[in-house]
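Colleague: how does the following fold in three dimensions:
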Amino acid sequence: MNRRVFLLSTSALVLATAVSFSALLPAQAAPPEATIILSSDETGAPHLDPIRATLLSVAADLIYDRLIAMSNEHTFHPHLAQSWQESDDGLSWTFQLKKNVRFHDGEPFDADVIAWWIPRFKGTANEHVAGAIERVVVLDEHSVRFEMKRPDPNLLYNLASYFMGIPSPKAYEAAGENFGVMTAVGTGAYRLESFVVGQETVLVANEDYAWGSELSQNKGAPAIQKLVLREIQDSSTAFLELNTGGADILLGVPTEFVPQLKANGDIELRNMPATGVSYLQFNTSTAPFSDPVIRQAVALAVDQEPILKAIFGGSGAAAHQFLASSLEESKVNPALLIQKDVAKATQLLDQAGWRPGADGVRSKDGTPLKIQLWSSSETAYKRMAEIIQAQLRAVGFDVDITLYDSASLRDASRRGEHQLVVSHYDWDNADILAWFFSAQNIPHPNSTRWDNPESEKLREDAESGARNWNERVAKYTKYHENVLQNFVFVPLHEFEKINAINRRLVLPPNIREVAIGSMTLLDAKWQ
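Modeller: So this is what the prediction gives:
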């Protein structure tokens, strides 16, 4: 036999045998679940009831659908409402609802659900999202009309927010106060399997799902059968979980871990548009920060640039106002922007009678200018606190730092035990001003305890006095300027949100949501 022919024949036999044997093996199974580690600002939610929640994680977005879907360009798209019309005077909105939609418990979604749902917001912390709606009129099984107390230029945004996810009336009434803890029933792409406060939420795919919005390619059931949403307070532990393959997505990656993740070929980084600001929050109800001079001195002593460069490596931007700079209402009078002026800070303290002692710490009438600065134990916020401590020490403050996990920090601030706190928020609408500074929201989320008649008048006008979008922008800008003038906070850093994804999980190349949520995860698939 020709040797060459023999070798080729032998190779063919080996290949055929290998192919035949491999055909007998089972196909490699997709992983049973995807693990997502929540960002620090989504941890600690006590329940998953969108109607009464003040904090929700992406779990709510996956369990509950909303009437409207909003893109990262702030365009509005049909979801459970397939179309809508606004009257010329803004006092009536008519919505046509999608047909053949069912809740996880099998109950139908229809106009009666909307008529039950909207009144449930009255008396809750989220009352404002539906506050302009006088009544809901059921026109037919799949059509409703909102009759308005006044025009609300922000209505579509509200209807697209996490807090307006629609729960099953039957499940809601049956569970009572336990809704969102023991059970959470919506029409979303995922069903709740289990929820352990402060630890994890487990969701399973809704196999009956068939009504995704146009922000996702997939309108049906998700390919990922199970999602485990974990809450890990320690950022180093969260990073290690992702970097070693123990998680598939890490939301809100701390910047100190970005270089190591970039070096990991198994990890993809996705930057999302900046919608949040880190800031110092004063407790304005107690000394020393009940004194506006002391608040102003702190604000002028803080230099945002070292925070931007040393902690965030230049990622994001130094913040000089409360709202993200992408919002129209952030364009305030430049003279009101909060920026470093150490000389003026020193002058203010001198004029107020706070004299420096031999150790550099100021005192007045025998009382030292000593303050407590609280921060999350997350590395970036801890380092911010340390930089601020040094900057305030330079003008005569004696600053002690106390570190908490994110949930404990929120709880202690709610009780009013704080003086000065390194805080942050992630939101893309000017109504965050009313959320954090309305006297109606004391003690939480208004942990500043700011209660001022002029501010309240401007807030009320911004929330309810605008007939159209341009008027709303003008009124919220004026309210923003008022809060800036009163030094209720000190802006620090406008951050980009960085998400890290294990490449075994493929997300769509163009994420159309403001943040990774249900529309993105509907299109997710295993590599």
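Colleague: going forward, measure contacts and count neighbours with C-alpha atoms only.
Modeller: OK.
Colleague: where does pLDDT dip in this protein?
Modeller: 1-30 (pLDDT under 70).
Colleague: walk me through the domains of it.
Modeller: Following automatic domain parsing, one gets these domains for the chain: 34-248+504-526, 274-496.
Colleague: mind putting those domains into CSV with distance to Ile267?
Modeller: CSV is the format used below for the domains of the chain (distance: least, CA to CA, whole Å):
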stretch, distance to Ile267
domain 34-248+504-526, 8
domain 274-496, 18
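Colleague: out of those, which comes closest to Asn264?
Modeller: domain 34-248+504-526 (7.5 Å; CA to CA).
Colleague: now do the closest one: distance to the chain's middle.
Modeller: Domain 34-248+504-526 sits 13 Å away from the centroid of its parent chain (CA atoms, centre = their mean, to the nearest Å).
Colleague: and the closest residue in space to Ala184 that isn't next to it in sequence, what does it touch?
Modeller: When the adjacent residues along the chain are set aside, Ala184 lies closest to Leu192, with 6.2 Å between them (CA to CA, 6 or more residues apart in numbering). Residues near Leu192 by CA atoms under 8 Å, 6 or more residues apart in numbering: 63, 183-185, 201-204.
Colleague: picking that back up, so which of the domains of the chain is nearest Asp266?
Modeller: Of these, nearest to Asp266 by CA to CA is domain 34-248+504-526, at 7.7 Å.
Colleague: start to end distance for that closest one?
Modeller: Start-to-end span of domain 34-248+504-526 (CA to CA, to the nearest Å) is 9 Å.
Colleague: strands of the stretch 201-350 of the chain, residue ranges please.
Modeller: 226-230, 249-250, 267-282, 317-318 (DSSP state E, counting those that start in this stretch).
Colleague: right, and Leu38 touches Val228 too?
Modeller: No. Taking CA atoms under 8 Å as the definition, Leu38 is not a contact partner of Val228, at 10.1 Å.
Colleague: sorry, back to before: just say which of the strands of the stretch 201-350 of the chain is most tucked in.
Modeller: Among the strands of the stretch 201-350 of the chain, the stretch with the highest mean neighbour count (mean count of other CA atoms under 10 Å) is strand 249-250, at a mean of 26.
Colleague: from the chain's centre, how far out does that one sit?
Modeller: For strand 249-250, the distance to the chain centre is 15 Å (CA atoms, centre = their mean).
Colleague: output the contacting helices and strands for that strand.
Modeller: strand 34-37, helix 235-243, strand 489-502 (3 or more CA pairs under 8 Å, 6 or more residues apart in numbering; DSSP states H and E).
Colleague: tell me the phi and psi of Leu373?
Modeller: Main-chain dihedrals, Leu373, degrees, to the nearest 10: phi -110, psi 120.
Colleague: hang on, I meant Met384
Modeller: Main-chain dihedrals, Met384, degrees, to the nearest 10: phi -60, psi -40.
Colleague: Leu280 versus that one, what's the distance?
Modeller: For Met384, the distance to Leu280 - CA to CA - is 10 Å.
Colleague: how much space between the most centrally placed residue in the chain and Pro273?
Modeller: With distances taken as CA atoms, centre = their mean, the residue of the chain nearest its centroid is Asp426 (4.4 Å). Plainly put, Asp426 is 11 Å away from Pro273 if you go by CA to CA.
Colleague: still on that earlier bit, ok, which of the helices and strands packed on strand 249-250 comes nearest Thr286?
Modeller: It is, among the helices and strands packed on strand 249-250 and with distance given as CA to CA, strand 489-502, at 14.6 Å.
Colleague: for that closest one, name the packing helices and strands.
Modeller: Checked by 3+ CA pairs under 8 Å, 6+ apart, strand 489-502 has strand 249-250, strand 267-282, helix 292-301, strand 317-318 packed alongside it.
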